[in-house]
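> give me a model of this one.
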Amino acid sequence: MLDCTSVMALLEIVPRDRLSTAELSWGLFGLVTAATGVLKAYLPAVADRVVPGCMLREMTGVRCPTCGSGRALSWLAGGHLVEALRQNWLAVALAAGLAGFEVYLLLTFVLRRRLRVSLGRRGSWALAGVGAAALVLAWVFQGR
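Residues are numbered from 1 along each chain as shown. Model (predicted):
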């Protein structure tokens with residue numbers, strides 16, 4: 001069972017001069033994702049020419065777990081959370097995670113300190129399992 005002291009033991013603030021390449025890559029991915037949502041919400045004609053559709057669905061007719069993500073980001077950028085969740089709840093959850101990560105990167109850059117989360121091997125596997133289960137659930141229950 002987790003209590004406050006065990007959670008605090010997982011978190012550690014360490015000095016950091018620079019962000020890692022992986023952190024910068026994920027930060028760029030988050031910014032591109034946000035820009036895509038805003039583009040689809042406010043300039044849909046331009047977005048349809050710039051942002052590609054789902055290749056899997058176009059080639060096979062099968063919806064992938066991320067089908068509806070563009071529409072979900074568009075609704076989310078327009079401030080319509082319920083409709084975004086209807087389109088693709090996994091995309092909304094990932095967008096929230098990316099937004100949190102962008103805040104983390106900004107704080108790390110400004111404060112020159114970083115919050116390191118140590119999940120350990122079991123925690124990392126558990127997190128990967130939850131992510132895989134969410135992906136399967138999104139695929140199975142999509143459009144229902």
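> backbone dihedrals for the spatially most central residue of the chain, please?
If you average the C-alpha coordinates of the chain and look for the closest C-alpha using Cα atoms, centre = their mean, you land on residue 94, 2.6 Å from that point. Dihedral angles of residue 94 (phi, psi; degrees, to the nearest 10) stand at phi -70, psi -40.
> now residue 129: which helix or strand?
Following DSSP states H and E, the helix or strand that holds residue 129 is helix 120-140.
> tell me the buried residues in that helix?
Along helix 120-140, these residues count as buried under the neighbour rule (16 or more other Cβ atoms under 10 Å): residue 138. Every residue, glycine included, has its C-beta placed from N, CA and C.
> can I get it in PDB, CA atoms only?
These are the backbone C-alpha positions of helix 120-140, laid out as PDB (Å, rounded to 0.1, in the frame of the first residue of the first chain):
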ATOM      1  CA  GLY A 120      11.800   0.400 -10.200                       C
ATOM      2  CA  ARG A 121      11.700  -2.700 -12.400                       C
ATOM      3  CA  ARG A 122       8.300  -3.900 -11.100                       C
ATOM      4  CA  GLY A 123       6.700  -0.500 -11.400                       C
ATOM      5  CA  SER A 124       8.000   0.000 -14.900                       C
ATOM      6  CA  TRP A 125       6.500  -3.400 -16.000                       C
ATOM      7  CA  ALA A 126       3.200  -2.500 -14.300                       C
ATOM      8  CA  LEU A 127       3.100   0.800 -16.100                       C
ATOM      9  CA  ALA A 128       3.800  -0.900 -19.400                       C
ATOM     10  CA  GLY A 129       1.100  -3.400 -18.700                       C
ATOM     11  CA  VAL A 130      -1.500  -0.700 -17.900                       C
ATOM     12  CA  GLY A 131      -0.500   1.100 -21.100                       C
ATOM     13  CA  ALA A 132      -0.800  -2.100 -23.200                       C
ATOM     14  CA  ALA A 133      -4.200  -2.900 -21.600                       C
ATOM     15  CA  ALA A 134      -5.400   0.700 -22.300                       C
ATOM     16  CA  LEU A 135      -4.400   0.300 -25.900                       C
ATOM     17  CA  VAL A 136      -6.200  -3.100 -26.300                       C
ATOM     18  CA  LEU A 137      -9.300  -1.700 -24.600                       C
ATOM     19  CA  ALA A 138      -9.300   1.400 -26.800                       C
ATOM     20  CA  TRP A 139      -9.200  -0.900 -29.900                       C
ATOM     21  CA  VAL A 140     -11.900  -3.300 -28.700                       C
END
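> since that was my last question, I'll sign off now.
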